[in-house]
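*Asks:* Generate coordinates for the sequence data below:
(2 chains)
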Amino acid sequence: MASPPVTRIHSFGGRNLTVLTLDGVTKRFDQTLAVDALSFAVEEGEVFGFLGGNGAGKTTSLRMVLDIIRPTEGRIEVLGRAPGRTNAPHIGFLPEERGLYRQMTALDTIVYFGRLKGMTGAGARAEGTALLDRFGLAANTCSTVDKLSKGMAQKVQLATALVNRPRLLILDEPFSGLDPVNQGLLEDEIRRLSTGGSTVVFSTHVMQHAERLCDRLLLLARGRKKFEGTLDQARAQLPARLWVVSRQSPAGLAGVDRAEPRATLADGWQEWDVRLKPGIAAGDVLEHCVAQAFPLRRFEQHHASLHDVFLHIVGPGEIRS
Amino acid sequence: MKNVIIVAAREFRQIAGMRSFWLTLLILPFAFALGPLTQRFLQKDEADRVMVIDRTGGAEARAITDRLNLDRDRTVLTALSRYVRRHHLEKAGPSALWAQHDRWFSDPDVAAFRSAGGVPAAQAKLRRVAPEGTPDFDPPKPEYEIVPVSGELANVPEGRLDTELKRLLSPPDKDVKAVDYVVLVPSAFGTSPVVRLWANHQPNAQFVATLQDVLTRDLRTRYLQSQGVSSVSAQAASVIAPALAISTPPPGGGAREAMLVRSILPLAAAYLLMMSLMLSGSWILQGTVEERSNKLLETVLACVSPEELMYGKLLGSAGVGIFMIVVWIACGIFAAYATHGAIADMIRPALDPLTSPGTILTMIYFFIVGYVTIAVLFLAIGAMSDSMREAQGYLMPVLFAILLPITLLIQAIIGGSGGIALEVLTWVPIWTPFTVLARLGVGIPTWEVIGSGLLLAAFTTLELVFLGRVFRASLLAQGQRPSLAQVIARMRRG
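*Replies:* Sure, this is the predicted structure:
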C-alpha cells in the first residue's frame, strides 16, 4: 500500500529531543521483581525496539510509561513530563492483547478513542474516515466490530492508535496475531510515522521485525537491561565470521581465532568457517590475505542475525524462561 | 471531567443499543396500555341473573332485591364521585355527595342520593358546569338483575327443585338466557335458618356475603321479636352498626384507601429503583466484563484514568436508570391525564407529591445516591470478573442480600406494618434509599430523612474510595479470581 508523502520534522536545528527517559526504574509485584533498575532514553524520530523473551518485563515497562501502573522506584519522563493522561493527546498505543467494543461501528470506535485523546468529534471523525480509507475499510465504516473479520478488526485497532497522529507511538508486541498483509501494513505505518518525525517504541520477541525497522534497540532479560544500541553495535557483540575458500588453512592468519573445514572442493580447494578474534574486522583479515598473497577463491563475511546476538547476550536459559 | 462524560456517553449508547434495554423500557408503558384493555376483558358484559323463590310471603325476596339495588346505587355514586373529581366538576354541587371524594358511602348516603334524584338529577347539574367536550357520565353496568319467579316454579315442592332448576341454570336452548343464581327461602325460614342457593358457576363471594347479611338481619329481627321486643326495635337493633371514624397522620388524611393512593408514588419510586438496579446491574456488569474479556482495558486506560473510567461508567449507567424512570413517569402522567378508567383514577392522585419541591428533591436525592451506592458494587464485581458467568456468581448473592429485605419491607409498608425493622433498615445505608422512599408516602420524620440522607452520602463517599481501589486494582488482574483477603488488600492499598 502506497503511503502518502510526509514531511520530516526537525527539532531545534536538527538536534533530536529526548522523548522518553527511564531512569533506574524498578517495578515489583509483591515478591516478584518485574523490572530491575531499567534506564534508557529514546530520541525523537527514532524507531526503538524493546526486545526480550516472555516475562522479560517489556509490557510492564510500557505500562509504566503509559501510567497504567506506577513504578516502585525510579523516574520516568514522557515527552518532557511525568507519565499521565495529559500525554494522551500525543501518544498512540497498541497493546499486545487487543480488543474492541463489539457493538460499536468501526468509525465510532476510532472517534471514541480520538475524543478520549482530546480530539474534537469532527476532527476524530475526519481522521478516522481517512484512516479507514487508507486501510481499505472505507466500505466498513458503519459496520459494527462484531461483523468485521479479524484482520479488519486489527486494522481498526491500529487506526485507534493512530487517529491522533501521535508524536510517540507505543506498540506492545504489535506483530503478534497479525496476518502477513497486516504485518506489512503495520511496518509501512511505522516507517511512515518515523519519516514524519514521530517516535516509535515497540516491543517484540520476533527479531526479524526489529532488524528491519529499528534504529536502536534494547535487550531485556528478567527485567534487566542487557544491551542498548544500534543494530550494528548489537552485531558487534558477536565475533565476526567468514566463509573462506582456500587451499590452505586460514587458522594462521593474523586476527583469526579459529578455522574449521566445512567442505572439500575439487583441485585441493577447501571451504572454511572462520571465526575472528573479538574486535577484528573482516576487512583487516582480507587486507592481510592480500598482503601475504594468501590464495583465495571466496571471501564472504557472515553477518550475525539479531537472533544470534540475542542468544549470545541473553543466553538460551533466559529465552526458555 | 470531559473524559468522564465521553465514557458515560459511550456507556449510555451501548446500553441503549441493547434489545433488552428497549424491552425493559417498554414493559411498563405496555402494562399501562394493557391495563384498560384487561379491565375491559375482565368486566362482565351482562349482569348475573338472580331468581329469589321466597316461600315466606315475599318479605325476604324484597329485602334481598332492595339490598342488591342499594349496593348497585353505591357503586354508581362512587363512580360518579370519581367522574366529578376527574373533570373537576365539584362546583356543580359542592354539598352534594358526589362532590365528596375518598370516602365510603353509607346506606343513608345512598338513600339521600336516591332521594335527591339519583344519576339523572346529578347529570343535569353537572352538564350545566361541564366544559365543552366533557364526556357524559357513564354509570357502571349493574352486577345483578332480579328475574321474576314463574308461577309453576313457585309451587314446585322443594324435593323436585334440583331437577326443575337444571333447565333454568343450564338451558338446552342457547338462545334462552340462563339464570345464574336461584335462592330458595323456604316457608320454615325463621324457625329453620336453612336457605338454599343454586348457581351455574362458582358463586361470587360478594354475592354470598350480601345474601347472608340480609338474611342474618332478618333472622335476628325474628329472634328479637320472639323475645318480646317490638317489631320496630327489633328491626332497628338488627341493623345497628358502629360508625368508625379513622384518623391517621398526614398525608394519609383519614381512610386507609386514601393513604395508599397518596403514597403510591414514593413507593413506586422504591420499586422502580429496585427494578432499574436489578436490570441495569446486569448491563453494568456486561459492560465492565466486556472490557476485560475483550482485552480493551489497556487501550482505554492509556487514555483515561481508572477513576475516570469508573465515574464515567457510573454516570452512564445512572443516566440509563434515570432515563428509564423519566420515561415511565412520563407514561404514568400520560396514562393519568390522557386516559380514563380505574388505573388513571389511581395514578392521578398519586402524582400529587410532584407538586411539592421538597418531596421531589428528596426522591431524586435518594434515588440517585441509592443508585450510585449499589451500582458501585456492580462495577467492582465486574472489574473482578473475567466472564459474565463468574460475575453472576458474585452478583446473585449481593442482589439477594440487598433486595430481599426490601421486597419484604415494602410489602409490610403496603400492609400497614413494618415496625421497628423498618426504622432500623432506614439507618443501614445500602437499604436507606429503598426504606426512605417507601416510607415517604406513609410519613417519615424529617430528621430521619436528613440524618439517614447524610449517613448515606458519607457511606457512598467511602464506598467510592474503597471500591474504587478494588476497581482500579482489579482491572488489569486478569485470570486471577481474588480471595476475600486479596479484595480487602486491594481496598486498603488500591
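
*Asks:* residues near the residue in the stretch 51-200 of chain B that chain A sits nearest to, how many?
*Replies:* For the stretch 51-200 of chain B and chain A, the shortest gap (C-beta to the nearest C-beta) falls at residue B:86, measuring 45.5 Å. Where C-beta positions appear, they are placed from N, C-alpha and C, glycine not excepted. The number of residues packed near residue B:86 is 17, by other C-beta atoms under 10 Å in any protein chain shown.

*Asks:* where does the residue minimising distance to the centre of chain A fall, helix, sheet strand or coil?
*Replies:* The residue lying closest to the centre of chain A (C-alpha atoms, centre = their mean) is residue A:49, at 2.9 Å. On the three-state scheme (DSSP: H, G, I helix; E, B strand; the rest coil), residue A:49 is labelled strand.

*Asks:* Enumerate every residue touching it.
*Replies:* When contacts are counted by C-beta atoms under 8 Å, 6 or more residues apart in numbering or on different chains, residue A:49 touches A:202-204, A:210, A:213-214, A:216-218.

*Asks:* Also residue B:47?
*Replies:* B:141-145.

*Asks:* ok, of those residues, which come out buried?
*Replies:* B:142-145 (16 or more other C-beta atoms under 10 Å in any protein chain shown).

*Asks:* of all those residues, which comes closest to residue A:295?
*Replies:* Residue A:295 lies nearest to residue B:143 out of the buried ones among the contacts of residue B:47, by C-beta to C-beta, at 126.8 Å.

*Asks:* Tell me the gap between stretch B:63-72 and the middle of its chain.
*Replies:* Relative to its chain's centre, stretch B:63-72 lies at 30 Å (C-alpha atoms, centre = their mean, to the nearest Å).

*Asks:* Pull the residues that contact it.
*Replies:* Residues contacting stretch B:63-72 (C-beta under 8 Å, 6+ apart): B:50, B:52, B:107, B:110-111, B:142-144, B:146, B:183, B:210-211, B:213-215, B:217-218.

*Asks:* now those residues: which count as buried?
*Replies:* Here, 16+ other C-beta under 10 Å leaves B:50, B:52, B:110, B:142-144, B:146, B:183, B:210-211, B:214-215, B:217-218 buried among the contacts of stretch B:63-72.

*Asks:* taking the residues you listed one by one, which sit in strands?
*Replies:* Among these, the members falling in strands (DSSP state E) are B:50, B:52, B:144, B:146, B:183.

*Asks:* pLDDT weak spots in chain A?
*Replies:* Chain A contains residues with pLDDT under 70 at A:1-16, A:316-321.

*Asks:* closest point of it to chain B, which residue?
*Replies:* Nearest residue of chain A to chain B: residue A:99, at 3.3 Å (C-beta to the nearest C-beta).

*Asks:* which residues does that residue contact?
*Replies:* Going by C-beta under 8 Å, 6+ apart, residue A:99 touches A:157, B:291, B:293-296, B:299.

*Asks:* What residues of stretch B:234-241 count as buried?
*Replies:* Judged by neighbour count (16+ other C-beta under 10 Å), stretch B:234-241 contains these buried residues: B:234-235, B:238.

*Asks:* what's the closest of those to residue A:312?
*Replies:* Nearest to residue A:312 among the buried residues of stretch B:234-241, with distances taken as C-beta to C-beta, is residue B:238, at 115.1 Å.

*Asks:* I figured the closest one hits residue B:220, correct?
*Replies:* Yes - look at residue B:238 against residue B:220 with C-beta atoms under 8 Å: they come within range, at 4.1 Å.

*Asks:* follow-up on the earlier one: so what pairs up with the residue nearest to the centre of chain A in the strands?
*Replies:* residue A:202, residue A:217 (DSSP bridges).

*Asks:* And residue B:192, by the same measure?
*Replies:* Beta bridges link residue B:192 to residue B:189, judged by DSSP bridges.

*Asks:* wait, isn't it in contact with residue B:186?
*Replies:* Yes - in this structure, residue B:192 is within contact of residue B:186 by C-beta under 8 Å, at 7.0 Å.

*Asks:* before we move on, the earlier item: I'd like the buried ones among the contacts of residue B:47 written out as a markdown table, with distance to residue B:283 and pLDDT added.
*Replies:* A markdown table is the format used below for the buried ones among the contacts of residue B:47 (distance: C-beta to C-beta, whole Å; pLDDT from 0 to 100):
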| residue | distance to residue B:283 | pLDDT |
| --- | --- | --- |
| B:142 | 50 | 87 |
| B:143 | 47 | 88 |
| B:144 | 52 | 91 |
| B:145 | 54 | 90 |
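
*Asks:* and those residues near chain A, which?
*Replies:* When C-beta under 8 Å from any C-beta of the partner chain is taken as the criterion, no member of the buried ones among the contacts of residue B:47 contacts chain A.

*Asks:* Using TSV, lay out those together with distance to residue B:312.
*Replies:* Below are the buried ones among the contacts of residue B:47 laid out as TSV (distance: C-beta to C-beta, whole Å):
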residue	distance to residue B:312
B:142	61
B:143	58
B:144	63
B:145	66
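
*Asks:* tell me the contacts of residue B:280?
*Replies:* Residues near residue B:280 by C-beta under 8 Å, 6+ apart: B:15, B:317, B:320-321, B:324, B:375.

*Asks:* Just the ones of the residues you listed in helices?
*Replies:* Taking DSSP state H, the ones among these that sit in helices are B:15, B:317, B:320-321, B:324, B:375.

*Asks:* In those, find the pair that's most separated.
*Replies:* The farthest-apart pair in the ones in helices among the contacts of residue B:280, when distances are taken by C-beta to C-beta, is B:324 and B:375, at 13.4 Å.

*Asks:* can you list the weak-confidence ranges in the stretch 251-400 of chain B?
*Replies:* In the stretch 251-400 of chain B (pLDDT under 70), the answer is B:251-265, B:294, B:338-356.

*Asks:* for the stretch 251-400 of chain B, what spans make up the helices?
*Replies:* Secondary structure of the stretch 251-400 of chain B (DSSP state H, counting those that start in this stretch): helices at B:256-262, B:264-293, B:297-301, B:306-338, B:342-350, B:357-384, B:388-414.

*Asks:* do the stretch 101-250 of chain A as well
*Replies:* For the stretch 101-250 of chain A, applying DSSP H, counting those that start in this stretch gives helices covering A:106-116, A:121-134, A:150-162, A:180-195, A:207-213, A:231-235.

*Asks:* contacts for the longest one?
*Replies:* In other words, helix A:180-195. Contacts of helix A:180-195 (C-beta under 8 Å, 6+ apart): A:1, A:3, A:6, A:8, A:45-47, A:135, A:151, A:154-155, A:158, A:162, A:166, A:169, A:171, A:174-175, A:178, A:200, A:202, A:209, A:212-213, A:215.

*Asks:* Sort out which residues of it are buried, please.
*Replies:* Within helix A:180-195, judged by 16+ other C-beta under 10 Å, the buried ones are A:182-183, A:185-187, A:189-194.

*Asks:* which one is residue A:262 nearest to, not counting chain neighbours?
*Replies:* Counting by C-beta to C-beta, 6 or more residues apart in numbering or on different chains, residue A:262 lies nearest to residue A:271, which is 4.4 Å off, once chain neighbours are set aside.

*Asks:* Doesn't that neighbour lie inside a helix?
*Replies:* No - according to three-state DSSP, residue A:271 belongs to no helix; its state is strand.

*Asks:* Residue A:265 is in contact with that one, correct?
*Replies:* Yes - contact between residue A:271 and residue A:265 holds when scored by C-beta under 8 Å: they sit 6.4 Å apart.

*Asks:* Show me which of those two is the more surrounded one.
*Replies:* Counted by other C-beta under 10 Å, residue A:271 and residue A:265 do not tie: residue A:271 has more neighbours, with 16 against 13.

*Asks:* And that one, how close does it get to residue B:337?
*Replies:* Distance of residue A:271 to residue B:337, given as C-beta to C-beta, to the nearest Å: 100 Å.

*Asks:* need the residues of the stretch 151-300 of chain A near chain B, please.
*Replies:* A:157, A:160-161, A:172.

*Asks:* switch to 6 Å and redo it
*Replies:* Proximity of the stretch 151-300 of chain A to chain B, by C-beta under 6 Å from any C-beta of the partner chain, involves no residues.
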